[in-house]
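[1] coords below, sequence missing:
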């Protein structure tokens, strides 16, 4: 019965919470397999559960086929199952969540019947006023079958739809009530809609392939399915795709300088081959590496990245500094989510199973090791040790993000503050803890430069958020 | 992905739609494994999906653990999974449904958050006004994630709870709106409630084991778990079990003569070792057999039952008539729900795979064959042929229910009228179709006698229902 | 990984060890699905593992497709899998075994390459000289990958084939070395062979459907697949089915009076709708019941069988004695091999989960309860108690076999002698242990009568075996 | 039933056939979980099936527990299953094979009973005289239950053991008959043995952790389990590990210059963090890149590797040439063996799903793209196109191995000659086919340099093999 998903072997990382995908094919082709490929390209955004819902816009109104399950896209879906899903419009979702709510019930897309037939909804982000909204709805007699924000959003759309002239008006009405981060894809019987919160925390973009329009979290998925990138959905914009084309509603947009993109999309979450709001993710990581070389230079023989995410910044550092770029680690390519860990002796640590050092490459060398972030510091500690045991003369750690100090309320899973290595510690103290010879973080003021001037959310570094944070930590609080 | 459940090999039978189980152990013992055993004893009431939800009445309010899945109780639950479900109060459900809605989403119990925390609900029966109630709720902005009536019931309880003083008052308020058949078990954080519709279509009774109270569809499950039968829940009664004992609310009860129990519980659905509303199921089947012997006598050498459900009536016939009782069929004990049927030659019919004739036992004999009902007649036809091929001299068919002619709106899955063999056919025509030498049905007026005088619903035989049936066939209609 | 199969809830029974099936269709039709149906009809002979191997006699010599797995036939095989198995000749097997060797490696049919291509072999029975034969082969450099006798048989066939002119001569040569019980079905690229040990311990018969010949353990499977019974394979006979017809080799046959059929096939193992060596199994059970009524009469109100296997003898008892036949027990039809038993309270005993008493049927009655055998007596004890708790005035137990006292070396799984309730106890002592008011066993001298005069093996009742038993208990001994 | 494993999405690669692991812990600790970690580190050597067998050297002689299954190590084994495997000595295996024999029956280790108890055997490599040996054994009456060479080897060990004084003598005796490539790990009840064919085709080395000795295909697995590298097993050596220590038998060794290591272990198969026969795999790839820069220089802006295996050579090229190293591709980290490919439009090619180009990184650049080998050329073609579509000004392909032209008989799965792109084509013709602006292969004479002077097998490049190849292609030939 209960599907148990073992903890990922890669424990000391922040977690993205979701990826969304929507498509409407005006030529009437079945879209399920394209959604499958799209979700596969978004798999890095969520490995816990996934789902697809499709509908036939030419069939009886509101007939939706959906399938959701725990696990990776290729574990949940089968060829036969996909070919049985008929429909020219559909949405998909990949999800990661905190442990408590990692259940099949919470998998998305959320498919429901409401006043106008059916609705399927996929959501990336976190509402900060979800508890209040839930409570308010409860007092009106609402029932909740999941603990996901998407259900709160769906309720608001359904309530607005009672009086709203169109589905997109209902979405617009609902958005007025929602506070926080949300990139949404919504499918009604004859329309595909996308919406992004006014701050633009999470990405969402539009693609096109022949006569099909796509809405997707990251542009890399467009490449995978052979579609062209059209444009990003604007922060605050609602786009509605129907047989008549794309309609844009920008009434909820706010001044650009108030926007607050999540910088971790650039630092770590997004795939390097994605481009978000005009900024190439790979180039932004190269830039971060260059800044580290400018701001925290050190004499060394070799600069290496902690795979995979540290490699781009390491290359940037090398290009800027002239220190040769190299490889120090081999990652076991079979480490997956479901890696079981039978009783280990102290010799078979999680890190060793995942990473090994190329001893000949590091022996007697002064190494600059680039990682994208240090959260608890547990992994950094062991990786530095491994390099030293392999004979590295010096290990200089450079981190392509500033020290991580505060909670995130907008969709990133962060440990409690006391568990953050940088919490109430100086950089020197952190350096000592992880056993590095020197330690340098990306400077806070480099973040906008890294994102080519886009306004960003720095809450997790500064504790100053683009909107008033909730009084108490709301994450999971309504999972009573 | 999509779990496919092959059609039962036993195709020409009516289908019960559910079984419910609830328990509250005042000694604080975990109840999940007892629910498991209880559901196992109710398995005949639904083999498509099942589920268990438990809660700890001494823990934080509203923490519910639940697990649901497609398949038999012993397929869905594992020992480890059950032992991980901690709680002294819980509900369980087994389900059968029509094909369209046979999905995991529709499995019960329904677990939800509402104004006062959590609610878990298990339901047996069918509401006839569910579509209207859904529509009404939709106009108030409600969203529906399943296509089961239980969600409609839950919504009404939640709405009533906004103003009602207690959960049981909310249940009472909701019941005023519900029309049709329902036996409910409802768990709130500190209470276990049971309710039965005023007509008493479906059974529900109360049991006790040490300091634990049980609510369950059939008394046979009480024997399995070693509990004592306390009493039946009255039609229209709401019982509330708390730390203070059992409270009864009979305000919704109607005069006994207006009640309308489903006679098929006695004829076929219930287990013979159950006792419903004071009437022993096995004895009622013996009685039906006796009535057939009285009303449709025939000279013969042997009276046999079509296994399993025809055996008791065959014994009754034998006792009344003096014709020796015997066995004519061997049933393959491994025929289960998931029997796959690879391309068959005409020689490997479904009936042959399931049943075989004891040739030596029937050769040259005049046989009276008792079946509990004839629906489409397809199976009867083949069984009569098998007896004749095995050398039976004559085959006289006796059916322990009247001819089946009308739809059921209250929870039994019936084929379309045109598929019913008795539809627009005389008994003589049916006899000819199934190839019997004579055919006799139970007389309509014997039904009350069979149920020891209890008022019963005869809708499926007469087309006269205890309440106004819906204009159009509502079964599945909101599964747009 | 390791598939764990929970112990059957029905614990106090002897175990059959296997069922075999072979078919050769001269019209060239694929036989896999027919084997599937045939094995399904033999499922009662083994529920632990099963397998099918097929070959195309018109294809390249020796291409065999096989599939084996742990579990029931319908659990192991899928429709798609079966339709992918192409071939007009094939063999199948169902297996039960003692716990130690219940592994996938030991599942049959055994498929192997040998000097003349491929061989597939399915075996029912137990060799008593397997350890010696294994040792002897080892000294010649043989390797063993299983712990089943079939591998020893296969080796001998392979060795004989080096010099033998034909495959059937190789089988004949091998049989000279084998001691014990074996009913074999062997498939070579162009031939289907069947063989039965000279004593005829285990059944094997021949059937025909259109242009296909079938070899199968029990005739009931012929009914299931719509084939006609042709004849039994003689004890000691080898039959060879080729395109030229059936060839019989009776050189190994011994005088009929030396034969030694296993009487438990008639008492309990075989399906009642099978006919073995001319004796109808159902009728032999009816006879056993009649003998009990003659030899151990008692005044009573009702005679009942312990389901399912006690019912026929109960009917026989009733017919002979005039005491009315009735039903006292309801068996939960969903009890299967994989029933899990989460921690039970004393109230949820295995027997209660499986059987319930029809209280109204037994209350204040004097009951004669017929069971087919008493092994350890643990179940009998509880069933008698259940009847008494339900109000039975008296419970008289009659057993349709003699007291079970000695081990079986020929393919039946028997507990250690000390665990047998009849071991070193008088009938009166046994009666007291199980709490019955009287107890009667079938008389030893009735066994031949029951089998219509066929010579039988009485080893398990008398300790006198048709051949010298091995010095030490060999069962499982080579599973070092 | 039949487990279907979809073809790997990475199709244009050679395939390694196996990895082996053995361990004997003199402190008596259970070794199953260590084998699990070891196999996980060898997963790249075989992803089709895997298995573990363990034994307790202090228990009854010959009790072996084994478990094998289709799939990755982490798919086949569970925590509970591993903890149930008790034993201080054990062997493990990971396997890749050609499609026809990809069955559970062929999974290793092979566990068998023979004259002296049990034997478990894991094998990497391919015998070229297996068909003759099988035939010879058949004529002696042998039976074969698998189609793997290991069974032939086991038979020879078993036959030798009839007269040999010790197990290691039996292994030595068997080796005299075997021709071809084999690295073996063999477990008898009280000994762990390792052997490598005299040519040293496949690697095998010895490690140590506390009081446990390990035999393993690659040293990287020693790092994973925290063991120290002791030394390589010599080509032709048999090592025997008992309670008395390690014994070496070098009687089968041949002069070093006759040895013939498989160069593809260095080029592609082995993990870069392994060291084989004193040569560091990563360094040998760096060297290959340097040689390419020396021998096939070209003016360019960026040198990139085709991930993962081309990266090291790309770095070597960059170091030698001064052309900056960069990243051009992003590989989807979730591409695994079981990736299903629902009907694709032409837009969703396998390559696109797996790889994406970093457009900004390659735009307008002259690119040197390093790949480790070109087999059919299908993938190269598409990757070059992708770079060009992304705006690369020029694409110069450099291959870190010579043109692949001949079959391999020693354990590498190679397509038919006609499918090899270099077959009967000039380098210029190949260049044109894959659309590159220039193409350079590693020179044949660089191979020894790359392997630091070790004698290597160049058969697949030259058609000249270290021993007479079989007349006809034997791969799979006995899978009749």
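    Yes, it's here. These numbers come from a predicted model, not from an experiment.
[2] So in terms of bridging, what pairs with residue A:69?
    residue A:50 (DSSP bridges).
[3] doesn't residue A:76 make contact with it?
    Yes - counting by CB atoms under 8 Å, residue A:69 does reach residue A:76; the two are 3.7 Å apart. Placement of C-beta: from N, CA and C, glycine included.
[4] in its sheet, what does the helix or strand encompassing residue A:24 sit against?
    Secondary structure assigned from DSSP states H and E places residue A:24 in strand A:18-25. Take DSSP bridges as the rule and strand A:18-25 pairs in its sheet with strand A:89-95 (antiparallel), strand A:212-216 (antiparallel).
[5] The ones you listed: which one's closest to residue A:170?
    Closest approach to residue A:170 among these (CB to CB): strand A:89-95, 16.6 Å.
[6] Going along the chain, name the strands of the stretch 151-300 of chain A.
    Listed in chain order, the strands of the stretch 151-300 of chain A (DSSP state E, counting those that start in this stretch) span residues A:183-188, A:191-196, A:205-209, A:212-216, A:228-232, A:238-242, A:245-249, A:261-262, A:275-276, A:279-280.
[7] For the residue nearest to residue A:249 when sequence neighbours are not counted, list the residues it contacts.
    The shortest distance from residue A:249 to any non-neighbouring residue, by CB to CB, 6 or more residues apart in numbering or on different chains, is to residue A:238 (4.3 Å). Residue A:238 sits next to A:168, A:171, A:172, A:175, A:193, A:194, A:195, A:248, A:249, A:252 when contact means CB atoms under 8 Å, 6 or more residues apart in numbering or on different chains.
[8] 6 Å instead?
    By CB atoms under 6 Å, 6 or more residues apart in numbering or on different chains, the contact set of residue A:238 is A:168, A:171, A:172, A:195, A:249.
[9] tally of neighbours for the last one?
    Spelled out, it's residue A:249. Residue A:249: 18 surrounding residues under other CB atoms under 10 Å in any protein chain shown.
[10] ok, now the fourth one?
    The number of residues packed near residue A:195 is 27, by other CB under 10 Å.
[11] isn't it right next to residue A:184, touching?
    Yes - under the criterion of CB atoms under 6 Å, residue A:195 makes contact with residue A:184 at 4.5 Å.
[12] buried set for stretch A:158-173?
    Using 16 or more other CB atoms under 10 Å in any protein chain shown as the test for burial, stretch A:158-173 gives A:158-161, A:164, A:166-173.
[13] before we move on, what about stretch A:78-92?
    Quick answer for stretch A:78-92 (16+ other CB under 10 Å): A:79, A:81, A:82, A:85, A:87, A:88, A:89, A:90, A:91, A:92.
[14] any idea of the mean pLDDT for it?
    Mean per-residue pLDDT for stretch A:78-92: 92.
[15] Now do that stretch: distance to the chain's middle.
    24 Å (CA atoms, centre = their mean, to the nearest Å).
[16] which residues sit in contact with residue A:197?
    Neighbours of residue A:197 in contact, by CB under 6 Å, 6+ apart: A:181, A:182.
[17] While we're on it, how confident is the model there?
    Residue A:197 is assigned 98 on the pLDDT scale.
[18] separation between it and chain C?
    Using CB to the nearest CB, to the nearest Å, residue A:197 is found at 46 Å from chain C.
[19] Map the structural domains onto the sequence of chain A.
    With domains defined by automatic domain parsing, chain A comprises A:18-259, A:279-462.
[20] Just put the ones you listed in a markdown table and tack on distance to residue C:278.
    Formatted as a markdown table, those follow (distance: least, CB to CB, whole Å):
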| stretch | distance to residue C:278 |
| --- | --- |
| domain A:18-259 | 49 |
| domain A:279-462 | 57 |
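[21] Deepest-packed of those, please.
    domain A:18-259 (a mean of 22; mean count of other CB atoms under 10 Å in any protein chain shown).
[22] just so I know, which of the strands of the stretch 151-300 of chain A lies nearest residue B:325?
    Closest approach to residue B:325 among the strands of the stretch 151-300 of chain A (CB to CB): strand A:183-188, 61.7 Å.
[23] Residue A:401 reaches residue A:267, doesn't it?
    Yes - applying CB under 6 Å as the test, residue A:401 and residue A:267 come out as touching, 4.9 Å apart.
[24] Where does the prediction get shaky in the stretch 201-350 of chain A?
    A:336-349 (pLDDT under 70).
[25] can you give me the helices for it?
    A:220-224, A:264, A:281-295, A:311-321, A:350-354 (DSSP state H, counting those that start in this stretch).
[26] Same list, the ones you listed, but as JSON lines with distance to chain D please.
    Formatted as JSON lines, the helices of the stretch 201-350 of chain A follow (distance: least, CB to the nearest CB, whole Å):
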{"stretch": "helix A:220-224", "distance to chain D": "5"}
{"stretch": "helix A:264", "distance to chain D": "18"}
{"stretch": "helix A:281-295", "distance to chain D": "5"}
{"stretch": "helix A:311-321", "distance to chain D": "7"}
{"stretch": "helix A:350-354", "distance to chain D": "6"}
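[27] interface residues of chain A facing chain D?
    Chain A comes close to chain D at residues A:33, A:37, A:43, A:74, A:79, A:82, A:220, A:223-226, A:271-273, A:280, A:282-283, A:325, A:330, A:334, A:339-340, A:342-343, A:347-348, A:352-353, A:356, A:358, A:360, as judged by CB under 6 Å from any CB of the partner chain.
[28] In the stretch 51-200 of chain A, which residue sits closest to chain C?
    residue A:80 (9.1 Å; CB to the nearest CB).
[29] End to end on stretch A:58-65, go ahead and measure it.
    Using CA to CA, to the nearest Å, the end-to-end distance of stretch A:58-65 comes to 14 Å.
[30] Quick one: mean pLDDT for that stretch?
    What stretch A:58-65 shows for mean pLDDT is 81.
[31] can you give me the offset of stretch A:447-463 from its chain's centre?
    How far stretch A:447-463 lies from its chain's middle: 16 Å, per CA atoms, centre = their mean.
[32] Is residue A:80 part of a helix or strand, or is it coil?
    Three-state call for residue A:80 (DSSP: H, G, I helix; E, B strand; the rest coil): helix.
[33] Next up, the contacts around it.
    Contacts of residue A:80 (CB under 6 Å, 6+ apart): none.
[34] Could you check how far it is from residue A:32?
    Counting by CB to CB, to the nearest Å, the gap from residue A:80 to residue A:32 is 12 Å.
[35] How much space separates residue A:218 from residue A:43?
    From residue A:218 over to residue A:43 the distance is 11 Å, taken as CB to CB.
[36] wait, doesn't residue A:46 sit right on residue A:93?
    No - look at residue A:46 against residue A:93 with CB under 6 Å: they stay out of range, at 7.7 Å.
[37] Just the endpoints, please. Distance across stretch A:196-208?
    19 Å.
[38] With stretch A:192-212 instead?
    11 Å.
[39] Go through the helices of the stretch 201-350 of chain A and name the closest to chain C.
    helix A:350-354 (19.1 Å).
[40] Please enumerate the strands of the stretch 301-450 of chain A.
    Using DSSP E, counting those that start in this stretch, strands in the stretch 301-450 of chain A cover A:302-305, A:329-331, A:355-357, A:366-371, A:394-399, A:438-441.
[41] a markdown table for these, including distance to residue B:141?
    Formatted as a markdown table, these follow (distance: least, CB to CB, whole Å):
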| stretch | distance to residue B:141 |
| --- | --- |
| strand A:302-305 | 51 |
| strand A:329-331 | 50 |
| strand A:355-357 | 52 |
| strand A:366-371 | 48 |
| strand A:394-399 | 48 |
| strand A:438-441 | 48 |
